[in-house]
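**Student:** this one's sequence-less:
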């Protein structure tokens, strides 16, 4: 089944790239094929200086090898095992501060002892939070989840709040979304009081993956032509700085990749084209920036 | 003696800020006084949009409290102890790509069981490496070290190469300098076959701290008026991106500060005002950028 899953992920990458290119209507993805030292490899696609997307990456990989010592610790296994990991991961940095940053990842992991699981998520990082848009985004995710299990959205939404959290800033990365990991076939899924077959979990993975393009192309279309000031652009660059902080300090996927000899350029394609850091920025109550900052906390019920 | 040391560090901060302001001849440091929740506090000074310095910070702190569980692990102590830590740390991001980024830190640490030690270092990150300048910089550091112990420069220079290393890029942060830690009174200092009294170690710390202003103001004076192209500015922003990667992914001081509730704005004042990330930048052999990249490795004997 792993072949079927990785082939599906490849086609998902193709379809998403097509949708983004169609909507951007200027930028084209450039592809790099690469091999991993331990086996397998990937297709990294990056779009730069589009009409709407300033820098965006859509990465596919299917890698195999022996489980390293650090991975053994992380997975709490003791024996020498081989692994197979495949997934698609995406980050889009738009040019216009009113188009949100988005991240999506779907992945599948398999060990030679027979264990396997799915993981993934989608989360949105608006530079300016629009409550109506936030509600719409979360409703889309809830709909995608509800088709499979009505406990998924609440559980995975909370998981996203906890995961996409910048501890040293005491703020969430954005408005969250869904995040899940270790969804193992026929085993109870934490906080959902239910289990699913491998086929069902794969079907859920497909729903998450396929919800990306319709959601993000609509957010692109709806916002890219809004006028913005240089102050609003500046705020976008500061928010991108926080995005960098999250990815390099707290994101377990990024850290794990960098510490285990992953392909650096594919891992760090998530970083923005430009980012700013000012010392101790103080926001004035009543401004749009202040309002956005107030929303960057866990537990907001957007729906 | 800890009072004497922290008072000295305060005066060092004062003197360095004066020298930088005098040389910059436009920018002024703004000061924030802050308290740490566990006891003590600091004075953070940041200069923005100067004539030569685009963003620079000079931080003094003297903090005390109980040793946390994570610090116990790091220090390999088991008992409940209190600590006192004081130091000055500096990062300067110049506007002109031909002025190098510099970092300096001197610090003193004391535990309630009677242990105490000094640590610190200076390292230079030129956006464009100039061999003559690199030699001059290292000679200055060697001279400061040699006045105390002729084994210090070789040992601490190697330590800097190992410390200021961006593993996931397989490159050093810049041309290194000196780095040292755990210099304990009357105990043999690793790789130097010698020991020093507390007074002697304090005197060495002073030499390191006082070498900063003459070194960096000369580098400012000598380079700030050089003409540069937009391509050279772009390269500076990419190199700053790597600086961010080192500080957020590998710098133990930054990571420790962020994970132990340090004052975030003081810790992250080291980040540049603007930084760029392009996907998979390929440098053409023969260019200045390519040449600089070739030098970003351990073990270069600059003197």
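**Tutor:** Looks like it came in fine. Bear in mind that the values here come from a model prediction, so they are computed numbers and not experimental data. Numbers count the residues shown, from 1 in each chain, chains lettered A, B, ... in the order given.

**Student:** other SSEs contacting the longest helix belonging to chain A?
**Tutor:** Looking across chain A with DSSP state H, the single longest helix is helix A:198-223. Under the contact criterion of 3 or more CB pairs under 8 Å, 6 or more residues apart in numbering or on different chains; DSSP states H and E, helix A:198-223 touches helix A:2-24, strand A:82-94, strand A:101-111, strand A:116-125, helix A:131-146, strand A:176-183. (Glycine included, C-beta is placed from N, CA and C.)

**Student:** residues making contact with stretch A:291-303?
**Tutor:** Stretch A:291-303 has contacts (CB atoms under 8 Å, 6 or more residues apart in numbering or on different chains) with A:126-129, A:131, A:134-135, A:137-139, A:142, A:158, A:161-162, A:165, A:171-176, A:283.

**Student:** low-confidence bits of the stretch 1-150 of chain A, can you list those?
**Tutor:** Applying pLDDT under 70 to the stretch 1-150 of chain A flags no residue at all.

**Student:** what is the residue in it positioned nearest to chain B paired to in the beta sheet?
**Tutor:** Of all residues in the stretch 1-150 of chain A, the one sitting closest to chain B is residue A:46 (4.4 Å; CB to the nearest CB). Under DSSP bridges, the beta-bridge partners of residue A:46 are residue A:30, residue A:57.

**Student:** and the stretch 51-200 of chain A, which residues reach chain B?
**Tutor:** A:55, A:57, A:167, A:168, A:169 (CB under 8 Å from any CB of the partner chain).

**Student:** go with 10 Å
**Tutor:** A:55, A:56, A:57, A:93, A:166, A:167, A:168, A:169, A:170 (CB under 10 Å from any CB of the partner chain).

**Student:** of those, buried ones?
**Tutor:** Neighbour counting by 16 or more other CB atoms under 10 Å in any protein chain shown classes A:55, A:56, A:57, A:93, A:166, A:168, A:169 among these as buried.

**Student:** that older thread, can you redo the helices and strands packed on helix A:198-223 as a markdown table with distance to residue B:214?
**Tutor:** Output for those, formatted as a markdown table (distance: least, CB to CB, whole Å):
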| stretch | distance to residue B:214 |
| --- | --- |
| helix A:2-24 | 52 |
| strand A:82-94 | 42 |
| strand A:101-111 | 44 |
| strand A:116-125 | 45 |
| helix A:131-146 | 54 |
| strand A:176-183 | 51 |
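
**Student:** related to what we said a few turns ago, closest to residue B:63 out of the residues of the stretch 51-200 of chain A next to chain B?
**Tutor:** residue A:168 (16.5 Å; CB to CB).

**Student:** spit out the contact partners of the closest one.
**Tutor:** A:245-246, A:249-250, B:254-255, B:257-265, B:267-268 (CB atoms under 10 Å, 6 or more residues apart in numbering or on different chains).

**Student:** give me the buried entries from those residues.
**Tutor:** The buried subset of the contacts of residue A:168 - by 16+ other CB under 10 Å - is A:245-246, A:249-250, B:254-255, B:257-258, B:262-265, B:267-268.

**Student:** got a list of what the residue nearest to residue A:272 when sequence neighbours are not counted touches?
**Tutor:** Excluding the flanking residues, the one nearest residue A:272 by CB to CB, 6 or more residues apart in numbering or on different chains is residue A:240, at 4.0 Å. By CB under 10 Å, 6+ apart, the contact list for residue A:240 reads A:54, A:93, A:97, A:101, A:125, A:127, A:271-277, B:275, B:277.

**Student:** looking at the helices and strands packed on helix A:198-223, which is closest to residue B:111?
**Tutor:** Among these, the nearest to residue B:111 by CB to CB is strand A:176-183 (39.7 Å).

**Student:** what's the mean pLDDT across the closest one?
**Tutor:** Averaging pLDDT along strand A:176-183 yields 97.

**Student:** just checking, what packs against that strand?
**Tutor:** When contacts are defined as 3 or more CB pairs under 10 Å, 6 or more residues apart in numbering or on different chains; DSSP states H and E, strand A:176-183 packs onto strand A:101-111, strand A:116-125, helix A:131-146, helix A:152-163, helix A:198-223.

**Student:** which parts of the helix or strand just after the longest helix of chain A are buried?
**Tutor:** Downstream of helix A:198-223, the first helix or strand assigned by DSSP states H and E is helix A:230-245. Neighbour-count burial for helix A:230-245, counted by 16+ other CB under 10 Å, picks out A:232, A:235, A:236, A:237, A:239, A:240, A:241, A:242, A:243, A:244, A:245.

**Student:** pull the contacting residues for the nearest residue to the second one once chain neighbours are set aside.
**Tutor:** This points to residue A:235. What sits nearest to residue A:235 in space, not counting adjacent residues and going by CB to CB, 6+ apart, is residue A:289, at 5.4 Å. By CB under 10 Å, 6+ apart, the contact set of residue A:289 is A:127, A:128, A:231, A:232, A:234, A:235, A:238, A:239, A:281, A:283.

**Student:** the last one contacts residue A:231, doesn't it?
**Tutor:** No: at 11.9 Å, residue A:283 and residue A:231 do not qualify as touching, with contact defined as CB atoms under 10 Å.

**Student:** about what we covered before: any chance of a markdown table for the helices and strands packed on strand A:176-183, columns mean neighbour count?
**Tutor:** Below are those laid out as a markdown table (neighbours: other CB atoms under 10 Å in any protein chain shown):
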| stretch | mean neighbour count |
| --- | --- |
| strand A:101-111 | 22 |
| strand A:116-125 | 22 |
| helix A:131-146 | 18 |
| helix A:152-163 | 21 |
| helix A:198-223 | 19 |
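
**Student:** noted, bye for now.
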